[in-house]
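Asker: Sequence first, predicted coordinates after that:
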Amino acid sequence: MKILNRAQIYEADKHTLAAQEISSTDLMERAATRIFEWLDKRLQGAPLNIHIFCGIGNNGGDGLVLARQLVEHGYHVEVYVVKYSTSRSPEFLTNLKRLKARKIWPEYLDSDSPIPELSPEDLIVDCVFGIGLNRPPEPWIGLLFQALNSSKAFILSIDMPSGMYMDRPVEDSEKVISASHVLTFGGPKLVFFLPQTGSLVRQWEVLDIGLDKGYLQGVEAQYTMIQGGQLQSAYRTRSKFSHKGTYGHALIVGGSQGKIGAVALASKAALLSGAGLVTACVPECGYIPLQSLLPEVMVQTTPGMEQHVELPEGAAGQTMGIGMGMGTGPAVQKAFLSWLKLQKKPVLLDADALNILSANPEAFPFIPGQSILTPHPGELKRLLGAWKDDFEKLDKALEFALKWKCILLIKGAHTVVLHSGKGEINSTGNPGMATAGSGDVLSGIITGLLASGYPPIQAARLGVYLHGRAGDIMAKETGYEALTASGILSGIGAAFKELSGEVTQTEVQDEESENTEVTED
Ligand SMILES: NC(=O)C1=CN([C@@H]2O[C@H](COP(=O)(O)OP(=O)(O)OC[C@H]3O[C@@H](n4cnc5c(N)ncnc54)[C@H](O)[C@@H]3O)[C@@H](O)[C@H]2O)[C@H](O)CC1
Ligand SMILES: [K+]
């Protein structure tokens, strides 16, 4: 699914009006009708108090149309016009007239108005600002939003939670509507997925308002969502006449005294993700534990007892994933930097491999093209330097990936896969996955996919998706708190089965439509 920016949504609007020969008031009527239908289906005529807060732009216009339709169907509605500006959009004015023609009189709110009385059982519909917010609202509007949030009533935001910008972080998250549910048009907005703003969007849903399909299909979006339905075509079935050599050889390199478990998790994940052969390469202290833990995995050691002092170059048929639990001591650093210069094909770089790189930026040019980098937030900061907000983080990460021709992940509640100036945002995963070793499992899955022949970008996008699904499937059994990295391993098989179509597509879509609260890990 494409994630359009503001200009593209306004453009979609224009194309729709021209292609369907309708007016913008007609499109607003259609959008609000979809909202009405959505609400009516859930409320079934319930006699609750519905408070619709409208701005004076087209988001407010949507609210006025909705108010009219709800009243016509017997609902009890209070309409408020939040007078944040003296200019009003033509569509707003048209619909204000239509509202008054039906003897529905809004209450006008300005900086001196008392906050309307609200009860936790009421429904608030938030149509104050949509995608048009471009500067901080006046302080009294922030206070109004704060009061709506603290009413404990369910808040349905239309298109965007009011006070949230399309393209930058908010100044004060207390002064933004904290939406229980957002019904949005033209696709989800980038801010729904970013930690600083995503926490204000508990659930979101796209309403199809019949925007021009030709435009939506043709427009090039910088950000897209990674979703199961679209990944099914990338999934490779295993052939009846294949053998283990068909699916490549993953070489997982890492570990140090006390951190051999990271290599064990990654190696098992590579195995469970379809690699034909997996070798774990650890310092000598890891030999016995790994051989005992993972009978299917071959174990290779390097000379150091507690840390690697040499690293294997890797054979032609091997695909390497390196860095988990490896340490950053001087001997490992030296070994890693020499190793990196020998690498010619894409590798997966994780954890301490990235920490060593960050400490030696002169080595960046040696990262093989199309390599996949999987830093956690701390490692990312060391790699890119500090950022002031989520948008700068994305820009820096995009630039890094473009400059070094690699695939860089920003891991989090919605992991972003960045490459070639674009970002793909993952739709799977849950807060239970913020647990020790979860990243090692992800690195192992991606290395396994890479080894078994998936091109690097597909291995990265498929890897983050499957990792999240494995976590989601297992969390249904364990809950969030008791989900562990080993638990995620147990869900990999089911995630693959689902992707390969053994579970019906409808079930996959049901899972994906559950957009739950965004939590930063
Ligand atoms: N294709 C679609 O997605 C459709 C969307 N619809 C709805 O229209 C709004 C966008 O409407 P717009 O009038 O452009 O923006 P807003 O309603 O958000 O109004 C903002 C309005 O106010 C000005 N402004 C911006 N910031 C401030 C501020 N801090 N203080 C005061 N004034 C401010 C700004 O210049 C605008 O004029 C979209 O979200 C949907 O809800 C259509 O109804 C259907 C098609
Ligand atoms: K809104």
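Answerer: On my side now, so go ahead. Note that the coordinates shown come from a computational prediction; the quantities given were computed from them, not determined experimentally. Numbering: from 1, shown residues only. Ligands and ions are numbered 1, 2, ... in the order given.
Asker: those helices in the stretch 251-400 of the chain, which residues are they?
Answerer: 260-272, 287-293, 330-342, 351-359, 377-384, 390-403 (DSSP state H, counting those that start in this stretch).
Asker: helices and strands around the last one, which ones?
Answerer: Using 3 or more C-beta pairs under 8 Å, 6 or more residues apart in numbering; DSSP states H and E as the contact criterion, the elements in contact with helix 390-403 are helix 195-198, helix 377-384, strand 407-410, strand 416-419, strand 422-426. C-beta: built from backbone N, CA, C; applies to glycine.
Asker: Could you check the angle the next helix or strand along the chain from the last one makes with helix 351-359?
Answerer: The reference is to strand 422-426. Per DSSP states H and E, the first helix or strand lying C-terminal to strand 422-426 is helix 438-451. With axes from the mean of the first three to the mean of the last three C-alpha atoms, to 10 degrees defining the directions, helix 438-451 sits at 90 degrees from helix 351-359.
Asker: Please write out the alpha-carbon positions of helix 438-451 in CSV.
Answerer: Once non-C-alpha atoms are left out, helix 438-451 reads as follows in CSV (Å, rounded to 0.1, in the frame of the first residue of the first chain):
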residue,chain,number,x,y,z
SER,A,438,14.6,-10.8,18.9
GLY,A,439,17.0,-8.9,16.7
ASP,A,440,19.3,-12.0,16.4
VAL,A,441,16.3,-14.0,15.2
LEU,A,442,15.6,-11.3,12.6
SER,A,443,19.2,-11.3,11.4
GLY,A,444,19.1,-15.1,11.1
ILE,A,445,15.8,-15.1,9.1
ILE,A,446,17.2,-12.5,6.6
THR,A,447,20.5,-14.4,6.3
GLY,A,448,18.6,-17.6,5.7
LEU,A,449,16.5,-16.0,3.0
LEU,A,450,19.5,-14.4,1.4
ALA,A,451,21.4,-17.8,1.4
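Asker: Show me what counts as buried in the next helix or strand after it.
Answerer: In the C-terminal direction, the helix or strand that comes right after helix 438-451 (DSSP H and E) is helix 456-478. Of the residues in helix 456-478, 456-475 count as buried by neighbour count, 16 or more other C-beta atoms under 10 Å.
Asker: Same question for stretch 395-404.
Answerer: Of the residues in stretch 395-404, those buried (16+ other C-beta under 10 Å) are 396-398, 400-401, 404.
Asker: Break the chain into its domains for me.
Answerer: As given by automatic domain parsing, the domain ranges for the chain are 2-221, 230-510.
Asker: can I get the ones you listed in a markdown table with mean pLDDT and distance to ligand 2?
Answerer: Output for the domains of the chain, formatted as a markdown table (pLDDT from 0 to 100; distance: least, C-beta to the ion, whole Å):
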| stretch | mean pLDDT | distance to ligand 2 |
| --- | --- | --- |
| domain 2-221 | 97 | 4 |
| domain 230-510 | 95 | 20 |
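Asker: Highest mean neighbour count out of those domains?
Answerer: domain 230-510 (a mean of 20; mean count of other C-beta atoms under 10 Å).
Asker: Find the closest residue to ligand 1 in the stretch 301-450 of the chain.
Answerer: In the stretch 301-450 of the chain, no residue comes nearer to ligand 1 than F391, which is 17.9 Å away by C-beta to the nearest ligand atom.
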